[in-house]
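Chemist: No sequence on hand, only this structure:
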C-alpha cells in the first residue's frame with residue numbers, strides 16, 4: 001500500500017500509515033479505503049463498508065495525530081459486522097499504531 005510505511009492488522013482490517021513526504025502540507029490526514037471485490041462482490045456492499053470506515057475515521061479524527069497518510073483495507077468480512085464493530089476495530093488500530101493523541 002504505502003512504500004516505506006508501517007502496517008498493522010487485526011482479524012478484519014489492515015491499517016497502513018506513513019508520515020507525509022517533505023514539502024507536502026503536514027497539518028492534515030489523508031485516508032484511503034480498500035474493499036476488494038473478492039471479499040464483497042456487490043458494489044453496494046463495498047460502498048456501505050467504505051461509508052462506515054469514513055464515518056468511523058471522521059469521529060476519531062479530532063483525537064489523531066496529523067501529518068499522516070492512512071490506508072484502511074478490509075481483510076475479511078464476518079457475518080456479524082456492523083458500524084460499531086468497524087468503529088471499534090479502527091480505534092483499536094489507531095491506538096496500537098500510536099496515532100491517537
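Modeler: Yep, it's here. Here the structure is a predicted model, which means the values were calculated and not measured. Numbering: from 1, shown residues only.
Chemist: quick one: the strands in the chain?
Modeler: With strands called from DSSP state E, the chain shows them at 6-9, 13-19, 30-34, 68-74.
Chemist: Averaged pLDDT, the second one. What do you get?
Modeler: The average pLDDT within strand 13-19 is 93.
Chemist: show me where pLDDT drops low in the chain?
Modeler: The chain contains residues with pLDDT under 70 at 1-2, 23.
Chemist: in it, which spans are helices?
Modeler: With helices called from DSSP state H, the chain shows them at 43-60, 83-97.
Chemist: does the residue nearest to the spatial centre of the chain have beta-bridge partners, and which?
Modeler: Centroid-nearest residue in the chain: residue 72, 3.0 Å away (criterion: CA atoms, centre = their mean). Beta-bridge partners recorded for residue 72 (DSSP bridges): residue 15, residue 33.
Chemist: and it, how far is that from residue 81?
Modeler: Using CB to CB, to the nearest Å, residue 72 is found at 14 Å from residue 81. The way it works is simple: take the backbone N, C-alpha and C, and place the C-beta from them, glycine included.
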